[in-house]
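Everything below, folded, please.
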Amino acid sequence: MHSVAILLLDRVIPFDMAAPQQTFDWTRLPDGRPAYRVRLCAETPEVAADGGLFLRVDRGLEALADADTIIVPGRADGASPLSPAVVTALRRAAGAGTRIASVCVGAFVLAEAGLLDGLRATTHWAAADRLARDFPRVEVRPDVLYVDNGQILTSAGAAAALDMCLHMVRRDLGSVVAANAARMSVMPLEREGGQAQFIVHEHPPVPRGSAFEPLFEWLEDNLAHEITLGAMAARAGMSERTFGRRFREQTGTTPVQWLLRARVRRAQYLLENSDHTVERVARQSGFGSPTAFRERFRKVAGTTPHAYRAAFHGRRPVAGTGS
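The predicted model follows:
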């Protein structure tokens, strides 16, 4: 029987903990026996959880030493710094070859322990930029459900953790057992780690009071038209070189990248709220050809326009029905 230790840290997110616990608890061998023994462990007997809850556990950090797999759930904002004892226990387990996986922002715990240095990793898309900034030695992949480096795995969020755990079950026990576990969790087994997170890209940053504010408004009004770097610089009354430098200083990105994200956000809105064809959405968003639109939309949003619409398109009420 495989042993799984779920490490609870201060301000643990309960759903992040429950997702892997449920998956492994419900996994059965062909003869009906449990395939995994799941244990909750922590540095202290009682752990504060997000939402004002307190969880009591029976096992301490020693449980990490005899586990085949360690799961580190995410922690809410305001969590205490990692203690040296936790860092030491995780590093010792990694050195012994134990499989270690994180859920959502639990990736920050692994990164702080140095376990993600030089590796690819993911986390919830909303925290991906911060993970990349705080831990530059980690190759952050914000556009996937989970990343499997062999011994170290990371997942994007609680739902993606179910995909990651089913992936581990399939690695450990084969597709038949994993398929049964997926049915128990009411999950498809087919979602692969490389499938994109559905990322909602907010409007690119527009600093309040910025000298570029009139330019941003003009850009938003003219996204459907061709806009060159020269036209943007002329609109701002600067040379292209000066414009590019000052634009990056104020927004943290290049004019071309800002424009691309703005056009993708426009396309997301149209895909969600209209029945326009992909070709028409491409034109209205300023991408020109449908081929270029599909390529660039996937690069930024992490999925295809058709898949995005299938997931997020809602039927609008019919006028006059009171719906």
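
you'd agree Asp134 is up against Phe108?
Yes - Asp134 sits in contact with Phe108 when judged by C-beta atoms under 8 Å, with a separation of 7.5 Å. All C-beta atoms are positioned from the backbone trio N, CA, C, and that covers glycine.

Between those two, which is the more surrounded one?
Phe108 (24 against 12; other C-beta atoms under 10 Å).

Show me this protein divided up by domain.
Here the domain assignment for the chain is 2-184, 213-312, based on automatic domain parsing.

quick one, which of those is packed in tightest?
A comparison of the domains of the chain by mean neighbour count, using mean count of other C-beta atoms under 10 Å, puts domain 2-184 on top with a mean of 19.

any idea of the mean pLDDT for that one?
Averaged across domain 2-184, the pLDDT comes to 92.

Quote the end-to-end distance of it.
Distances were taken as C-alpha to C-alpha, to the nearest Å; on that basis the terminal residues of domain 2-184 are 19 Å apart.

Who are the packing partners of the longest helix anywhere in the chain?
Ranked by residue count, the top helix of the chain under DSSP state H comes out as helix 255-273. Using 3 or more C-beta pairs under 8 Å, 6 or more residues apart in numbering; DSSP states H and E as the contact criterion, the elements in contact with helix 255-273 are helix 213-221, helix 229-236, helix 240-251, helix 278-284, helix 290-301, helix 305-312.

one more time with 6 Å, if that's ok
Using 3 or more C-beta pairs under 6 Å, 6 or more residues apart in numbering; DSSP states H and E as the contact criterion, the secondary-structure elements in contact with helix 255-273 are helix 290-301, helix 305-312.

Now render those helices as JSON lines, adding mean pLDDT and distance to Arg248.
Shown next, in JSON lines, are these (pLDDT from 0 to 100; distance: least, C-beta to C-beta, whole Å):
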{"stretch": "helix 290-301", "mean pLDDT": "87", "distance to Arg248": "18"}
{"stretch": "helix 305-312", "mean pLDDT": "78", "distance to Arg248": "28"}
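
Adding distance to Thr123 as columns, could you present the ones you listed in CSV?
Listed next are the helices and strands packed on helix 255-273 as CSV, based on distance: least, C-beta to C-beta, whole Å:
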stretch, distance to Thr123
helix 290-301, 18
helix 305-312, 21
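
which residues of the stretch 101-250 of the chain fall in strands?
Taking DSSP state E, counting those that start in this stretch as the criterion, the stretch 101-250 of the chain carries its strands at 120-121, 139-140, 146-148, 152-155.

How much space separates the nearest residue to Ala35 once chain neighbours are set aside from Ala182?
Spatially, and ignoring its direct neighbours in sequence, Ala35 is nearest to Thr27 (4.4 Å; C-beta to C-beta, 6 or more residues apart in numbering). In this structure, Thr27 lies at 10 Å from Ala182, with C-beta to C-beta, to the nearest Å as the measure.

Please apply the same query to Ala121.
From Ala121 to Ala182 the distance is 24 Å (C-beta to C-beta).

so the residue nearest to Ala35 makes contact with Arg37?
No - using C-beta atoms under 6 Å, Thr27 is not in contact with Arg37, being 10.8 Å away.

so where's the stretch 201-323 of the chain shaky on pLDDT?
By pLDDT under 70, the low-scoring segments of the stretch 201-323 of the chain are 201-210, 252, 311-323.

how about 90 then?
With pLDDT under 90 as the threshold, the stretch 201-323 of the chain has low-confidence stretches at 201-217, 219-220, 245-254, 257-258, 261-262, 264-266, 268-275, 288-289, 296-323.

Run through the residues that contact Phe24.
Shown in contact with Phe24 (C-beta atoms under 6 Å, 6 or more residues apart in numbering): 4, 36, 38.

wait, is the last one part of a helix?
To tie it back to what came earlier, the one meant is Val38. No - the assignment for Val38 by DSSP: H, G, I helix; E, B strand; the rest coil gives strand, which leaves it out of any helix.

Hmm, it is touching Val4, no?
Yes - in this structure, Val38 sits in contact with Val4. The criterion is C-beta under 6 Å, and the distance is 4.8 Å.

rewinding a little: figure out which of the helices and strands packed on helix 255-273 is closest to Arg56.
Ranking the helices and strands packed on helix 255-273 by distance to Arg56, with C-beta to C-beta as the measure, places helix 305-312 first at 38.9 Å.

And the helices in the stretch 101-250 of the chain?
Remark: helices of the stretch 101-250 of the chain, listed N- to C-terminal, are 107-112, 125-134, 158-173, 175-184, 213-221, 229-236, 240-251; assignment by DSSP state H, counting those that start in this stretch.

Out of those, which is closest to Pro20?
Shortest separation from Pro20 across these is recorded for helix 158-173, at 4.9 Å, computed as C-beta to C-beta.

so that closest one versus helix 175-184, what angle?
Angle of helix 158-173 versus helix 175-184, following axes from the mean of the first three to the mean of the last three C-alpha atoms, to 10 degrees, is 150 degrees.

for helix 158-173, the distance to its chain's centre please.
When C-alpha coordinates are averaged (C-alpha atoms, centre = their mean, to the nearest Å), helix 158-173 and its chain have centres 16 Å apart.
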